[in-house]
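Trainee: Prediction below, plus the sequence it came from.
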Amino acid sequence: MPSVPYFSPILSFVFLVWLILHPSKPDFSLKEANIYQLNISTPHNLLNSSIQLTLLSKNPNNKVGIYYDKLQVYASYKGQEITSDSSLPPFYQGHGERNMLSAELAGTGLPVGPTFGYEVGCDRTAGKMILSLHVNGSLRWKMGTWVSSRYTFHVNCVAITEFGSNTTSGSMKSKQGIRCSTSV
C-alpha cells in the first residue's frame, strides 16, 4: 500500500495564514538626492564625495508589519561605488505606514577607474548625471504575534541629477518622486 504524506495541522494552519495574509514587499521611492561634492584627485584617481538623500518607505500591507533590522545605503556611478556604506537605524513599520529615511553618504579617498573623470566630464557637457542609490538590508514580517525569520532585501533607485547654471558650486539635485525597484 503506498504511503500517503502526512501534513500536520499546525503546518497547514501556518500555510493557510500565509496564503491569506501573503505579505507584499515594501515600496521605496527617492524623494531627493543632492550631490554636494564629487571631486577626483589626479594622478591617483581617488574620489571624495558627499551626497544627501531622502527616501520614502511604504508598507503596502494592511495586516502585516515590517521590522527593518539592518539598512546599508551607498551610491554608485556607472558601476563604481562612489560613497562608503552608511547605516540607517533599525525600525518597525506598521500596517500601511510611510516613513521618511534620510542618509548622509560620503566617500574619502575612494579609488575609481582611470576613465571616471572623463565620464563625469561627458555627463557635465550633456547637463545630466545618472547615479544609482542602493539600500541593502534584512527585514522580518510581523503578523499578529508571529514574526517571520529574516529576509534580505535590495533596493535600487536611479537618480537623474542636473548640472545647474552655477557649475562652480558642484551642488546638484535630483528630480523628485522617482520610484525604486525592490527585491526580497
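Mentor: Right, received. Where do you want to start? Numbering: from 1, shown residues only.
Trainee: For residue 178, see how far away the residue sitting nearest the centre point of the chain is.
Mentor: For the chain, the residue sitting closest to the mean C-alpha position, by CA atoms, centre = their mean, is residue 135 at 2.7 Å. Per CB to CB, to the nearest Å, residue 135 is found 14 Å from residue 178. Quick note: C-beta positions are derived from backbone N, CA and C, even for glycine.
Trainee: For those two, list the residues in contact with both.
Mentor: Jointly contacting residue 135 and residue 178 under the rule CB atoms under 8 Å, 6 or more residues apart in numbering are residue 157.
Trainee: before we move on, the earlier item: check which strands are paired with the helix or strand containing the residue nearest to the centre of the chain and give the direction for each one.
Mentor: Using DSSP states H and E, residue 135 falls within strand 128-143. Here strand 128-143 is paired, per DSSP bridges, with strand 65-77 (antiparallel), strand 146-147 (antiparallel), strand 151-162 (antiparallel).
Trainee: how about TSV for those, with mean neighbour count added?
Mentor: Shown next, in TSV, are those (neighbours: other CB atoms under 10 Å):
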stretch	mean neighbour count
strand 65-77	20
strand 146-147	12
strand 151-162	17
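Trainee: Could you dump those strands into CSV with mean pLDDT and distance to residue 139 added?
Mentor: Output for the strands paired with strand 128-143, formatted as CSV (pLDDT from 0 to 100; distance: least, CB to CB, whole Å):
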stretch, mean pLDDT, distance to residue 139
strand 65-77, 97, 5
strand 146-147, 91, 11
strand 151-162, 94, 6
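Trainee: Any idea which of the ones you listed gets closest to residue 46?
Mentor: Across these, residue 46 has its closest neighbour in strand 65-77 (14.6 Å, CB to CB).
Trainee: Mind exporting the C-alpha coordinates of that closest one to CSV?
Mentor: The C-alpha trace of strand 65-77 is given here as CSV (Å, rounded to 0.1, in the frame of the first residue of the first chain):
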residue,chain,number,x,y,z
GLY,A,65,4.0,44.9,9.8
ILE,A,66,7.7,45.1,8.8
TYR,A,67,10.7,45.1,11.1
TYR,A,68,13.7,46.5,9.3
ASP,A,69,16.7,45.0,11.2
LYS,A,70,19.5,46.3,9.0
LEU,A,71,19.8,49.0,6.4
GLN,A,72,23.1,49.8,4.5
VAL,A,73,23.0,52.7,1.9
TYR,A,74,25.6,53.6,-0.7
ALA,A,75,25.8,55.4,-4.1
SER,A,76,27.4,54.2,-7.3
TYR,A,77,28.1,55.8,-10.7
